[in-house]
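[1] Got a predicted structure here, sequence first:
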Amino acid sequence: MTAVTVHAAFDADVTVRRKRFAQQATGFAVLEAVADDGKQLVLVGPLVHLDERERAHVLGMWVHDGRYGPQVKVSEARPLPPADEDSLRVLLRRVRHVGDKRAQRLIDRYGPDRVLDAIDSDPQTAFGAAGLGSGRAREATSCWEELRATRLLHMLLAPHGLAYLAPRIHAEYGPGAHRVVQEQPYELTGVFGVGFALADRIARAIGVRDPADRARAGMLHLLAEAERGGSTCLPAERLLYELRGLLAAGDTRAAFDQGDGREVTAQVDPGILDQMLARGQIERQGPWVYRTQTARLEAELAQRLARLVSSRASDRLRAPADQEIAATGLAPNPAQLRALQHAFVTKLSLITGGPGTGKTSSIRAIARCAVGQGANVMLVAPTGRAAVRMSEAAGLRARTVHSALGWIPGEGPQHDHEHPLACDLLIVDESSMANLELLVVLLRAVGPQTSVVLVGDADQLAPVGAGKPFAELVASGLVPVTRLTHIFRQAAGSMIVQGAHAIRVGRPPGFSPAAATRRDLFMIERADPASAREEIVSLVAQRLPAHYGVDPLADIQVFAPVYRGELGIERLNEALRDALNSGGRAVRGGRLRIGDKVMLTGRNLHELGLMNGTVLRVVDEVGDVSGEDGLAGKGLGEDPALLLAGEEAVFRLPFAEVDRLALAYACSVHRGQGIELSVAVIVAHPAAGAFFLRREMLYTAITRAKQATVIVGTRQAVERAARSTDTSARHSRLGERLRQLLHPQAGR
């Protein structure tokens, strides 16, 4: 480890000269600065909120880093008002339509000491005096109000090392964001990246700690965390137990910060559940507690499913005759024949099966029979790649769910219960990827004459987000389900397919090809973690692309079970980016580069048509790049954003949302379960959290590839994963709700 020696305290005003590095997600930055006495400095710490040529009062400690030399490790950086005309111009140029010349006009008219106060008191007049017409003066005024609100946020948050959160909080609450921080700090738990611990820290710092507000925020935080883990609800007793632990942990942290060192226990008002029910913040079903919006989504999905199950198929569809089935080119086995019959005589049916069991050919046969009957068929899938594969297999156009729903960024889907999809039969592939929210949105657009077939693999990992509706429906016994188990001869010749089916029943895959078996599954054993990482980089950057003729970014994906460590996702992403995109130009903040392979994380951005787990490429950085009218360069006066290329479109992601992007050269299996591509590289090694690699993860990862899967690590890690099932419980009551709707007498 690099040695760091601590020296004297630092307390001075500085001017930022240059950003060396900045990471928006954590607020950490490395800046070059100059103190008022002219001393050149390097500052490290929570500094991402400071811009070049901005002044700040900095507190910290001088340290000597064995690798980088003397630095100031910053604990607090409070922005200061501009001290000279150059600094004033830098600030004023951040206003839309105000460039150097107009900034100077403002300074000349009002004077360096009064210009900011003059703009604050009457921005429309001030910007008009600088030469802007009424329309642009209004836009400049709006921009100034945003800058002013952000400055106020910085003043509140910077003393606590949290100024990097200002853009996110402002994006969530707008010009009144500083009042939310001052008056309702626990509201901040609804902002991406601001968990309960941070909101609690802010509340303590500004002296606003109503115990009831704190407990309610803690409970909503725990429910939201449970949803991120896949549950829709939690048992009330467990929720209260975890709430006591969460509050006690915060109190203990505060005690340690104050030098107390004692461990604190927390009490929770037993009436808190009733209080939150009265406020409409939660709903309760017996012992189960939900966030209100999640409970309503689950209830709505159960109702929509019940209506489908209770209805017969449209008159436009009829059970296909033998000659109709023969015309599709499919000679169905008994299970596939049942799937065909269900699709045409019931309003809702499910098809589940592992790789090579005929799910795709069943989709093709159902779609072709329906088209032959003159029915309007629509094929959809959650991801672009799955939609492309579905199109190729069925010979009919397939689209993503968002595309089929006509989702317009900022407006939402054009198809819903009032404007349903125009089809007689809707077939949804990769349904196991659909969480509660996505399936509700899709079924809202299913009209009264439309039949639905959901196709997927119930043994795969549960989807990202709350709920696992496909697997629950398969297990419920309340919906017609066809389980495909026969492995077809062509698929049986694949070692990937053979290995996947072995893993499903708890056996490790084989890596020695038998006669007439296609060798598409490989094991490369590397006991040393550094050697394993070098092997992965070599495979992805050179050997696999050369052997299979594929693109290393678009057609190869690395999967690892954990983020930290020698073979964790973070280190792998660094190494792979150095090999594949070392020359990419850094975009604002320095964390990402043009050409990077990235993935959207956190919640879905429906307003942009982007789903959690979507893989993208960073194309360019656009936005207001200064200039007299704010129109210079590629941004054309728009707010700063990243252009991202997806499989179907180019997206414009505002910089307030950029923290949701993570490098995706390597990713977790959970994040990548929707990925389907040519080659998969799986890390199965003790240094990569082999304890966390479970049967469902290994099964899902091994089936992501069409041409080859390569496992790097140790056989012991693979064998352990195949034996170990996922022990984490997902709490959801979709099946129970559906049963109560379909058989109300049985529940009495």
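    Nice, I can see it.

[2] isn't A722 right up against L698?
    Yes - under the criterion of C-beta atoms under 8 Å, A722 makes contact with L698 at 6.3 Å. The way it works is simple: take the backbone N, C-alpha and C, and place the C-beta from them, glycine included.

[3] Compare these two and say which is more crowded by neighbours.
    Each of A722 and L698 has its neighbours counted (other C-beta atoms under 10 Å); L698 has more, 27 against 23.

[4] Would you list the phi and psi of that one?
    With angles defined as degrees, to the nearest 10, L698 sits at phi -60, psi -40.

[5] Show the pLDDT at it.
    You'll see L698 listed with a pLDDT of 88.

[6] got a list of what the closest residue in space to it that isn't next to it in sequence touches?
    Distances taken as C-beta to C-beta, 6 or more residues apart in numbering place A721 nearest to L698, at 4.5 Å, with adjacent residues excluded. If you count contacts by C-beta atoms under 8 Å, 6 or more residues apart in numbering, A721 has them with 503, 684, 690, 693-695, 697-698.

[7] if we can go back for a sec, intersection of neighbour lists for A722 and L698?
    I503.

[8] quick one, helices of the stretch 401-550 of the chain?
    401-404, 436-444, 469-476, 489-492, 495-504, 529-538, 544-548 (DSSP state H, counting those that start in this stretch).

[9] same deal with the stretch 601-748 of the chain?
    695-702, 715-723, 734-742.

[10] can you tell me how far the nearest residue in space to S432 that is not next to it in sequence sits from S668?
    Once flanking residues are discounted, S432 sits nearest to G456: 3.7 Å by C-beta to C-beta, 6+ apart. Using C-beta to C-beta, to the nearest Å, G456 is found at 20 Å from S668.

[11] With R138 instead?
    For R138, the distance to S668 - C-beta to C-beta - is 46 Å.

[12] Same check on G493?
    30 Å.

[13] Counting neighbours around each, name which of those two comes out higher.
    S668 (23 against 17).

[14] OK, contacts around that one?
    Here S668 is in contact with 559-563, 569 (criterion: C-beta under 8 Å, 6+ apart).

[15] Could I get the CA-only coordinates of the helix ranked longest in the chain as PDB?
    For the chain, the helix with the greatest residue count under DSSP state H is helix 134-157. Backbone C-alpha positions of helix 134-157 (Å, rounded to 0.1, in the frame of the first residue of the first chain) are rendered in PDB as follows:
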ATOM      1  CA  SER A 134     -37.000  39.700 -23.800                       C
ATOM      2  CA  GLY A 135     -37.200  36.000 -24.800                       C
ATOM      3  CA  ARG A 136     -33.500  35.300 -24.200                       C
ATOM      4  CA  ALA A 137     -33.600  37.400 -21.000                       C
ATOM      5  CA  ARG A 138     -36.300  35.100 -19.700                       C
ATOM      6  CA  GLU A 139     -34.200  32.100 -20.500                       C
ATOM      7  CA  ALA A 140     -31.200  33.700 -18.800                       C
ATOM      8  CA  THR A 141     -33.300  34.600 -15.800                       C
ATOM      9  CA  SER A 142     -34.400  31.000 -15.500                       C
ATOM     10  CA  CYS A 143     -30.800  29.800 -15.700                       C
ATOM     11  CA  TRP A 144     -29.700  32.300 -13.100                       C
ATOM     12  CA  GLU A 145     -32.400  31.100 -10.700                       C
ATOM     13  CA  GLU A 146     -31.100  27.600 -11.100                       C
ATOM     14  CA  LEU A 147     -27.500  28.700 -10.500                       C
ATOM     15  CA  ARG A 148     -28.600  30.700  -7.500                       C
ATOM     16  CA  ALA A 149     -30.400  27.700  -6.000                       C
ATOM     17  CA  THR A 150     -27.400  25.500  -6.700                       C
ATOM     18  CA  ARG A 151     -25.100  28.000  -4.900                       C
ATOM     19  CA  LEU A 152     -27.500  28.000  -1.900                       C
ATOM     20  CA  LEU A 153     -27.400  24.200  -1.900                       C
ATOM     21  CA  HIS A 154     -23.600  24.300  -2.100                       C
ATOM     22  CA  MET A 155     -23.500  26.600   0.900                       C
ATOM     23  CA  LEU A 156     -25.700  24.100   2.900                       C
ATOM     24  CA  LEU A 157     -23.900  20.900   1.800                       C
END
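
[16] what's downstream of it, the next helix or strand?
    Beyond helix 134-157 in the direction of the C-terminus, DSSP states H and E gives the next helix or strand as helix 166-173.

[17] hmm, back to that, Throw the contacts of S668 into CSV and include pLDDT and secondary structure, thanks.
    Shown next, in CSV, are those (pLDDT from 0 to 100; DSSP: H, G, I helix; E, B strand; the rest coil):
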residue, pLDDT, secondary structure
F559, 92, strand
A560, 90, coil
P561, 87, coil
V562, 85, coil
Y563, 85, coil
I569, 90, helix
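
[18] now, the most widely separated pair of those?
    Using C-beta to C-beta, the contacts of S668 reach their maximum pairwise distance at F559 and Y563, which is 12.4 Å.

[19] more crowded one of those two?
    Comparing F559 with Y563 by other C-beta under 10 Å, the one with more neighbours is F559, at 29 against 17.

[20] Can you give me every residue that contacts the closest residue to that one other than its chain neighbours?
    Spatially, and ignoring its direct neighbours in sequence, F559 is nearest to A701 (4.5 Å; C-beta to C-beta, 6+ apart). By C-beta under 8 Å, 6+ apart, the contact list for A701 reads 559, 669, 672, 680, 682, 709.

[21] From the contact counts, what lies against the longest strand along the chain?
    Using DSSP state E to define each element, the chain has its longest strand at strand 4-22. Here strand 4-22 touches strand 28-35, strand 40-46, strand 55-65, strand 69-79, going by 3 or more C-beta pairs under 8 Å, 6 or more residues apart in numbering; DSSP states H and E.

[22] Let me know which of the ones you listed is the nearest to I366.
    The nearest among the helices and strands packed on strand 4-22, by C-beta to C-beta, is strand 28-35 at 53.0 Å.

[23] buried residues in the closest one?
    Of all the residues in strand 28-35, those buried under the rule 16 or more other C-beta atoms under 10 Å are 28-31, 33.

[24] Next: stretch 440-448.
    Those would be 440-446, for stretch 440-448 by 16+ other C-beta under 10 Å.

[25] Out of these, which is nearest to S142?
    V441 (32.3 Å).

[26] surely the closest one meets Q414?
    No - counting by C-beta under 8 Å, Q414 is not a contact partner of V441; they are 12.0 Å apart.
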